[in-house]
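1. Sharing a model that was predicted from the sequence below.
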Amino acid sequence: MSVHVDIHTLPAMLTALRLPSFQRHWSDLAGRADAEGWQAARFLAALAELELADRDSRRIQRHLLQAKLPAGKTLATFDFAALPTVPKARVTALAAGDWIETGDNLVAIGNSGSGKTHLLAAVGHALVEAGYRVLYTRTTDLVQRLQAARRDLALEAALGKLDKFDLLILDDITYANKDLAETSVLFELIARRYEHRSLAIAANQPFSAWDRVFPEQAVAVAAIDRLVHHATILEMNAESYRRRSAAIRIDGGPPIVRDSLSDNQTEPGSDSQT
Ligand code: ADP
Ligand code: MG
């Protein structure tokens with residue numbers, strides 16, 4: 001090794017080595033090391049630690065962008081009091097991700113506005129922060145993409161690309177068309193990920209009505225079988241949070257208005273009188 005070291009080339013070398021955190025911190029840290037008489041190894045280890053920590057957080061930021069989760073839907077903004085059928089402890093456990101390790105599924109069933117999208121997105125967000133890869137998509141959008149891939153004879157490759165995601169969140173599965181070609185790519189996706197990679201699905205219809213998603217009953221049964229074999233099912237029938245918060249705003253909302261609203265369960269799709 002050459003004894004002549006030119007420290008003026010350090011920034012360029014760190015850039016070439018792709019060590020931006022070394023770049024950002026070395027000068028301050030060197031000052032501290034000199035002042036406090038650190039061993040050279042300690043100085044180097046401190047820089048390496050900073051680089052690794054920054055790399056982690058940059059990776060998580062990248063994965064959050066790639067997850068395409070709806071903005072602002074996190075556990076921090078989720079009001080568990082509004083959803084008595086889903087205890088917070090259960091969601092906290094889901095957010096830890098053990099079920100992802102075994103490729104288990106999550107199915108949220110409930111009426112429109114009950115918080116399915118928010119809850120699944122919030123769990124997805126927490127999982128990305130825990131280091132998992134997640135992709136959020138409306139079922140119809142994904143099905144369109146897969147169908148286009150099939151037309152190009154690239155369905156296998158398209159499904160393969162989705163394997164890199166530990167969790168795929170399929171929102172609004174019951175809005176998917178009753179079209180046979182569409183449901184067959186959806187079935188292939190479910191079958192491929194079965195016991196291998198997790199799915200989280202939001203549906204505003206109970207399983208008994210899923211013949212609307214899969215027109216052939218045998219396919220509906222086979223799909224549901226695979227989905228629920230290792231799954232957590234969240235029953236989320238609750239007063240629409242949208243309607244409820246609208247009513248609270250209109251009434252100027254003391255808490256008592258909210259309590260009386262939650263007793264007033266409405267049927268999915270029916271108009272609230274409140
Ligand atoms: P769904 O997908 O079941 O139709 P959403 O998750 O889209 O319902 O919820 C509708 C709106 O109400 C969203 O803006 C969502 O953030 C909000 N929301 C629903 N439930 C809750 C909740 N328990 N706490 C906070 N916001 C909620
Ligand atoms: Mg939704």
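-> It's in. Residues are numbered from 1 along each chain as shown. Ligands and ions are numbered 1, 2, ... in the order given.

2. do you know how far the one residue sitting closest to the centre of the chain is from ligand 1?
-> The chain has residue 124 as the residue nearest its centroid, 2.2 Å off, counting by C-alpha atoms, centre = their mean. Residue 124 sits 12 Å away from ligand 1, going by C-beta to the nearest ligand atom, to the nearest Å. (C-beta placed from N, C-alpha, C; glycine too.)

3. same for the strand or helix carrying that residue, what does it pack against?
-> When secondary structure is defined using DSSP states H and E, the element that contains residue 124 is helix 116-129. For helix 116-129, the elements it packs on are helix 40-67, helix 88-96, strand 105-109, strand 134-138, strand 167-171, strand 198-203, judged by 3 or more C-beta pairs under 8 Å, 6 or more residues apart in numbering; DSSP states H and E.

4. Report all helices and strands that the last one contacts.
-> Right, strand 198-203. Applying 3+ C-beta pairs under 8 Å, 6+ apart, we find strand 198-203 packed against strand 105-109, helix 116-129, strand 167-171.

5. ok and it relative to strand 105-109, angle-wise?
-> Angular relation of strand 198-203 and strand 105-109 on a 0 to 180 degree scale: 10 degrees, by axes from the mean of the first three to the mean of the last three C-alpha atoms, to 10 degrees.

6. Show me the strands paired with strand 198-203, marking each as parallel or antiparallel.
-> Note on strand 198-203: by DSSP bridges, its sheet partners are strand 105-109 (parallel), strand 167-171 (parallel).

7. and that strand, how far out from the chain's middle?
-> Centroid separation between strand 198-203 and its chain, computed with C-alpha atoms, centre = their mean, to the nearest Å, is 10 Å.

8. Then the third one?
-> Taking the mean of its C-alpha atoms, strand 105-109 sits 13 Å from the chain's own mean (C-alpha atoms, centre = their mean).

9. Buried residues, stretch 184-198. List them.
-> Burial within stretch 184-198, assessed by neighbour count using 16 or more other C-beta atoms under 10 Å, is assigned to 184, 185, 186, 187, 189, 190, 193, 194, 197, 198.

10. repeat for stretch 52-67
-> Applying 16+ other C-beta under 10 Å to stretch 52-67 flags 54, 63, 67 as buried.

11. Can I get those residues in TSV including pLDDT and distance to residue 161?
-> Converted to TSV, the buried residues of stretch 52-67 look like this (pLDDT from 0 to 100; distance: C-beta to C-beta, whole Å):
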residue	pLDDT	distance to residue 161
54	94	28
63	98	15
67	98	15
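
12. from the residues you listed, which is closest to ligand 1?
-> When the buried residues of stretch 52-67 are compared for distance to ligand 1 (C-beta to the nearest ligand atom), residue 67 comes out closest, at 16.3 Å.

13. Next up, the contacts around the closest one.
-> Counting by C-beta atoms under 8 Å, 6 or more residues apart in numbering, residue 67 makes contact with 124, 125, 128, 133, 134, 135, 136.

14. so the third one makes contact with residue 64?
-> Spelled out, that is residue 128. Yes. Using C-beta atoms under 8 Å, residue 128 is in contact with residue 64, at 5.3 Å.

15. got any residues that touch both of these two?
-> Any residue near both residue 128 and residue 64 by C-beta under 8 Å, 6+ apart counts here, and not one turns up.
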